[in-house]
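Engineer: need a structure here:
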Amino acid sequence: MERRHERSLARHRALKLLYAGEITDASPSTIFEAGIDFDDDAPAEGRSLGGEEKIEAYTLRLVEGVEQNRDLIDGYLEEASDSWSVARMPLVDRQILRIAAFEMIFVDEVPSSVSINEAGELAKAYGGDDESHRFVNGVLGFIAKRAEEKRLAPMDSQSEQPSEMATEKDTCAHEESAAQESAVQESVTQALSHDENAAEEPLGDES
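Structural biologist: Got it, this is the predicted structure:
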């Protein structure tokens, strides 16, 4: 497996850990530390030097990042999902969204377009239904637009929720739904076209 795929494998593993944590009501990072058989398809001999260690490190970074920033992340997901609470989202879909949203907010070396594309692939493979990848892309496209506008909270503001939350959506949900759908679709297009030549920095180059 080539180096650029190591982070993709870490996302798959993080998804399994977050899913396991939610259905067992256990800490995903605790499950990781206890050991889990990920049943990966990628052959070990194709990975870069030290690849497994890098995969494990990034898996843990994703899992702990989602755990530590879950309230903040879920606030943005609810804002972006047109009045759908995170609890109403399919179980797998919301874990995929949390991973990608964490990357988009806190992982500078991963372009938003890459996080969106990777999340879409995860949704196609594991999502709750055939439309999961469209829903995931739409929600993340909205968040990407917010990120570009530099309106996302910094990491040290984990306890703060986004300033524009449920009030406006609950008041005018029916009147705004068409406009929000159009805005989401536009933002998805912008996010996927933004930095279209951008690529993830390899794990081996991280400090």
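Engineer: Against residue 63, how distant is the closest residue to residue 58 other than its chain neighbours?
Structural biologist: Closest residue to residue 58 apart from its sequence neighbours, by C-beta to C-beta, 6 or more residues apart in numbering: residue 10 at 3.9 Å. In short, each C-beta sits where N, CA and C put it, glycine included. According to C-beta to C-beta, to the nearest Å, residue 10 stands 9 Å off from residue 63.
Engineer: Between the two, which has more neighbouring residues?
Structural biologist: Set residue 10 next to residue 63 and count neighbours by other C-beta atoms under 10 Å: residue 63 wins out with 27 against 22.
Engineer: List the contacts of the residue nearest to residue 58.
Structural biologist: 55, 56, 58, 59, 62 (C-beta atoms under 8 Å, 6 or more residues apart in numbering).
Engineer: Could you do residue 60 as well?
Structural biologist: Residue 60 touches 29, 32, counting by C-beta under 8 Å, 6+ apart.
Engineer: Roughly how far does it sit from residue 27?
Structural biologist: Taking C-beta to C-beta, one finds residue 60 at 12 Å from residue 27.
Engineer: what is the rounded mean pLDDT of the helix or strand residue 65 falls within?
Structural biologist: Assessed by DSSP states H and E, residue 65 sits inside helix 51-68. For helix 51-68, the mean pLDDT works out to 93.
Engineer: just checking, what packs against the helix or strand just after that helix?
Structural biologist: Beyond helix 51-68 on the C-terminal side, the first helix or strand identified by DSSP H and E is helix 70-80. Packing contacts for helix 70-80, counted by 3 or more C-beta pairs under 8 Å, 6 or more residues apart in numbering; DSSP states H and E, involve helix 91-106, helix 132-148, helix 166-171.
Engineer: Compute the inter-axis angle for helix 70-80 and helix 91-106.
Structural biologist: 100 degrees (axes from the mean of the first three to the mean of the last three C-alpha atoms, to 10 degrees).
Engineer: CA-only coordinates of helix 70-80, as PDB, when you get a sec.
Structural biologist: Extracted in PDB, the C-alpha atoms of helix 70-80 (Å, rounded to 0.1, in the frame of the first residue of the first chain):
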ATOM      1  CA  ARG A  70     -17.600  16.100  19.900                       C
ATOM      2  CA  ASP A  71     -19.900  18.800  21.200                       C
ATOM      3  CA  LEU A  72     -18.300  21.400  19.000                       C
ATOM      4  CA  ILE A  73     -18.300  19.100  15.900                       C
ATOM      5  CA  ASP A  74     -21.900  18.000  16.500                       C
ATOM      6  CA  GLY A  75     -23.000  21.700  16.700                       C
ATOM      7  CA  TYR A  76     -21.600  22.400  13.200                       C
ATOM      8  CA  LEU A  77     -23.100  19.200  11.900                       C
ATOM      9  CA  GLU A  78     -26.600  20.100  13.100                       C
ATOM     10  CA  GLU A  79     -26.200  23.600  11.800                       C
ATOM     11  CA  ALA A  80     -25.300  22.200   8.400                       C
END
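Engineer: in it, what counts as buried?
Structural biologist: 72, 73, 74, 75, 76, 77, 78, 79, 80 (16 or more other C-beta atoms under 10 Å).
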